[in-house]
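Participant: Pasting the sequence and the predicted model now:
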Amino acid sequence: MAVELTNRCNLRCGMCPMNKLGRPDADMPWWLVEKVAGEFARLGIRVNWLHEMGEPLLYPRLPEAIDLFPGCSVSTNAMLLDEEMGRRLLQTSLRRIRLCVDTVNPRVYPFIRRGGIFEEVVANIRTFLELSKGKDIVVEIQRMITTQTAHESVRDFQEFFGLDRYPQAKVIEKTCEPLDTSDETPLHESFYGCFQGYPFAWFIVLADGRVTHCCYDAHGQQCIGDLKTQSVEEILESAKIPAMMEAFKAKDWGTLPRCGECYKNAEAKPPFYDFLIASGRRLERSLPVVPLARRLINR
Ligand SMILES: C[S@@+](CC[C@H](N)C(=O)[O-])C[C@H]1O[C@@H](n2cnc3c(N)ncnc32)[C@H](O)[C@@H]1O
Ligand code: SF4
């Protein structure tokens, strides 16, 4: 589950579709944030993230929004995480924040996080680490694995930020997925199949209230409903999802252009690879394979 408070962003990272976002800039109106929060609370639904695209720290009422979605996490490029913002966030119910610096190499940073200022982000992270010391929050520092950062290690990050002094913090690693990014990479051609393993793995409320079923649907091409005018139940029970599932089985990419992107390189990987990914995702639903693997890697 995710709620995109804003799709505006102060950066244009190379790996992110933000650069060519096919939706107008929007902040979620406050009445809609309250409506979504009310619906989710009534149904006992927990939100994982307060973003799809965009930078959550640009949302003017972020601290209040956090408190409306108990258990949510925030991922940020940390450009706006100055001391005041850090203190405000620490006064909320937020229990996990992800700080996306991606590399500890100042020469590589501008190629990944375009528009960001390495020194400011590093200073903000260091300040936040101090502020959050002893608080009930997990601070994740993101390392993005790309060809430019392949030689860096989790230990480099731990040493760079002195994490032995901050038990609340850890480094998490993320691979740069070659889908629908601003930069064309050789990886673009080497994937075939549903990256989620199952097309209806997500329920993401975009800033304008429309709901998409896939976290790769950055442009909102495959919306299943609209929370401005519908309830969660109305969306889940509408004829839209079964119709989309039929289109998916028929590989009708005219109806499902976002899925078509994931399936465009039929030559690149045989459907067996697709099957393997789907099995992996199924396994992951019953066994927490990814968190276990991360824990192992991040030891
Ligand atoms: C879209 S951003 C939105 C939140 C915030 N602006 C940030 O950068 O954390 C959320 C996450 O998506 C990641 N991301 C962007 N493009 C990606 C890609 N092509 N593959 C994998 N992760 C990607 C970013 O690194 C970030 O961790
Ligand atoms: S990854 Fe985050 S910070 Fe970078 S352009 Fe995308 S939304 Fe903005």
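Facilitator: Great, that's in hand. Ligands and ions are numbered 1, 2, ... in the order given.
Participant: mind listing what the closest residue to R95 other than its chain neighbours touches?
Facilitator: The shortest distance from R95 to any residue other than its chain neighbours is 5.6 Å, reached at I137 (Cβ to Cβ, 6 or more residues apart in numbering). C-beta coordinates here come from the backbone N, C-alpha and C atoms, glycine included. Going by Cβ atoms under 8 Å, 6 or more residues apart in numbering, I137 touches L90, L94, R95, R96, I97, Q168.
Participant: which among those end up buried?
Facilitator: If you count burial by 16 or more other Cβ atoms under 10 Å, the buried members of the contacts of I137 come out as L90, L94, I97.
Participant: wouldn't the first one be in contact with E130 here?
Facilitator: No. Here L90 lies out of contact with E130, judged by Cβ atoms under 8 Å, at a distance of 11.0 Å.
Participant: circling back to that earlier point, what about the contacts of I137, which are in strands?
Facilitator: R96, I97 (DSSP state E).
Participant: domain assignment for this structure?
Facilitator: Domain assignment for the chain by the TED database gives 2-175, 186-268.
Participant: The residue lying closest to K135 once chain neighbours are set aside and ligand 1, how far apart?
Facilitator: Once flanking residues are discounted, K135 sits nearest to L90: 5.8 Å by Cβ to Cβ, 6+ apart. Plainly put, L90 is 18 Å away from ligand 1 if you go by Cβ to the nearest ligand atom, to the nearest Å.
Participant: One more: L68?
Facilitator: Distance of L68 to ligand 1, given as Cβ to the nearest ligand atom: 18 Å.
Participant: That residue: what's it in contact with?
Facilitator: The neighbourhood of L68, defined by Cβ under 8 Å, 6+ apart, consists of V33, E34, A37.
Participant: Which pLDDT value belongs to it?
Facilitator: L68 is assigned a pLDDT of 98 by the prediction.
Participant: The stretch 1-150 of the chain: strands as residue ranges?
Facilitator: With DSSP state E, counting those that start in this stretch as the definition, the stretch 1-150 of the chain shows strands at residue ranges 2-3, 74-76, 96-102, 138-145.
Participant: which secondary structure elements does the shortest one contact?
Facilitator: Meaning strand 2-3. Applying 3 or more Cβ pairs under 8 Å, 6 or more residues apart in numbering; DSSP states H and E, we find strand 2-3 packed against strand 204-205.
Participant: The strand it packs on - contacts with which helices or strands?
Facilitator: In terms of contact count using 3+ Cβ pairs under 8 Å, 6+ apart, strand 204-205 is assigned the packing partners strand 2-3, strand 210-212.
Participant: chain center to it, what's the gap?
Facilitator: Mean-position distance between strand 204-205 and its chain equals 12 Å (Cα atoms, centre = their mean, to the nearest Å).
Participant: Just to check, Y216 is in contact with P199?
Facilitator: No. The pair formed by Y216 and P199 falls short of the contact definition of Cβ under 8 Å, at 10.2 Å.
Participant: Report the set of residues contacting both of the two.
Facilitator: Counting by Cβ under 8 Å, 6+ apart, Y216 and P199 have no common neighbour.
Participant: Contacts only, for the closest residue to T146 other than its chain neighbours.
Facilitator: Ranked by Cβ to Cβ, 6+ apart and with sequence neighbours excluded, the top spatial neighbour of T146 is C176, at 4.6 Å. Residues in contact with C176, defined by Cβ under 8 Å, 6+ apart, are M15, M144, I145, T146, L187.
Participant: returning to that earlier point: figure out which of the strands of the stretch 1-150 of the chain is closest to A41.
Facilitator: Nearest of the strands of the stretch 1-150 of the chain to A41, taken as Cβ to Cβ: strand 2-3 at 12.6 Å.
Participant: which secondary structure element contains the residue nearest to R143 when sequence neighbours are not counted?
Facilitator: Beyond its immediate neighbours in the sequence, the residue positioned closest to R143 (Cβ to Cβ, 6+ apart) is E173, lying 5.0 Å away. Under the criterion DSSP states H and E, the helix or strand holding E173 is strand 169-175.
Participant: Surely N10 is in contact with A78?
Facilitator: No. Assessed by Cβ under 8 Å, N10 is found out of contact with A78, at 10.8 Å.
Participant: Looking at the two, which has the bigger crowd around it?
Facilitator: Remark: of N10 and A78, A78 carries more neighbours, 27 against 13, as counted by other Cβ atoms under 10 Å.
Participant: Check the gap between L236 and E64 for me.
Facilitator: Noted for L236: a distance of 27 Å to E64, by Cβ to Cβ, to the nearest Å.
Participant: Tell me which of those two has more neighbours.
Facilitator: Using other Cβ under 10 Å, the more surrounded residue of L236 and E64 is L236, with 16 against 13.
Participant: With that, I have no additional questions.
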